[in-house]
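**Q** fold the following, please.
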Amino acid sequence: MPRAEAELPGQLEELHAASYGWALGCCGYDREEAQDVLQAAYLKVLDGRARFDGASSFKTWLFAVIRRTAGERRRSRWTRALALDRWSSAKVRTADPPDPEQAARGSETARRLRLALRELPRRQREVVHLVFYQDLSLEEAAQVAGISAGSARTHYHRAKARLRALLETR
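**A** Residues are numbered from 1 along each chain as shown. Now for the predicted structure:
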């Protein structure tokens, strides 16, 4: 096993907490989905389907793999749901009851912030999450999101302004 491949498990373990936080953000804070996405992303890395080429930091590259994996799973679920809807009779779907653990978690301010973050467009939410919670620079966040640095800056500033407005009105 080449030296770089031998170091992968250690690098993944070192970044696990941050990777799980990013996976949660990519999965709308659904814990089970985030765990599945993270496991699938780790498998891609460890079995060589995703290869680190050194063009960015390992963390930036890994977050991009997690983001793409979450997107693939989201598209797969959507396609499957669409096929099931066509197949089954049209039934009204009710929302799942709220998770008591999530309802009890955090202070009022944190709850308000989480609600405000959910109202942001997906791209703005991703950039803010990467910068605030994962301590990435805007340039690194742009690499993870697959957008230009200028676009990341625009999303970041618009997201901050929108969050400010949302938090002031609540």
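
**Q** domain map for the chain?
**A** The chain breaks down into these structural domains: 1-93, 99-170 (assignment by automatic domain parsing).

**Q** OK, contacts around the most centrally placed residue in the chain?
**A** The chain has residue 26 as the residue nearest its centroid, 1.9 Å off, counting by C-alpha atoms, centre = their mean. With contacts taken as C-beta atoms under 8 Å, 6 or more residues apart in numbering, residue 26 has the following neighbours: 34, 37, 66, 67, 70, 71, 126. Yep, even glycine has a C-beta here, placed from its N, CA and C like the rest.

**Q** let's see 7 Å
**A** Taking C-beta atoms under 7 Å, 6 or more residues apart in numbering as the criterion, residue 26 is in contact with 37, 66, 67, 70.

**Q** repeat that for residue 123.
**A** When contacts are counted by C-beta under 7 Å, 6+ apart, residue 123 touches 145, 155.

**Q** restricting to C-alpha, output the host helix or strand of it in PDB.
**A** In the assignment (DSSP states H and E), residue 123 maps to helix 122-132. The C-alpha atoms that make up helix 122-132 are tabulated as PDB, following Å, rounded to 0.1, in the frame of the first residue of the first chain:
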ATOM      1  CA  ARG A 122     -29.100  25.600  -0.300                       C
ATOM      2  CA  ARG A 123     -25.900  27.200  -1.700                       C
ATOM      3  CA  GLN A 124     -25.900  30.100   0.800                       C
ATOM      4  CA  ARG A 125     -26.500  27.600   3.600                       C
ATOM      5  CA  GLU A 126     -23.600  25.400   2.500                       C
ATOM      6  CA  VAL A 127     -21.100  28.300   2.200                       C
ATOM      7  CA  VAL A 128     -22.100  29.700   5.600                       C
ATOM      8  CA  HIS A 129     -21.800  26.200   7.200                       C
ATOM      9  CA  LEU A 130     -18.400  25.700   5.700                       C
ATOM     10  CA  VAL A 131     -17.100  29.100   6.900                       C
ATOM     11  CA  PHE A 132     -18.700  29.300  10.300                       C
END
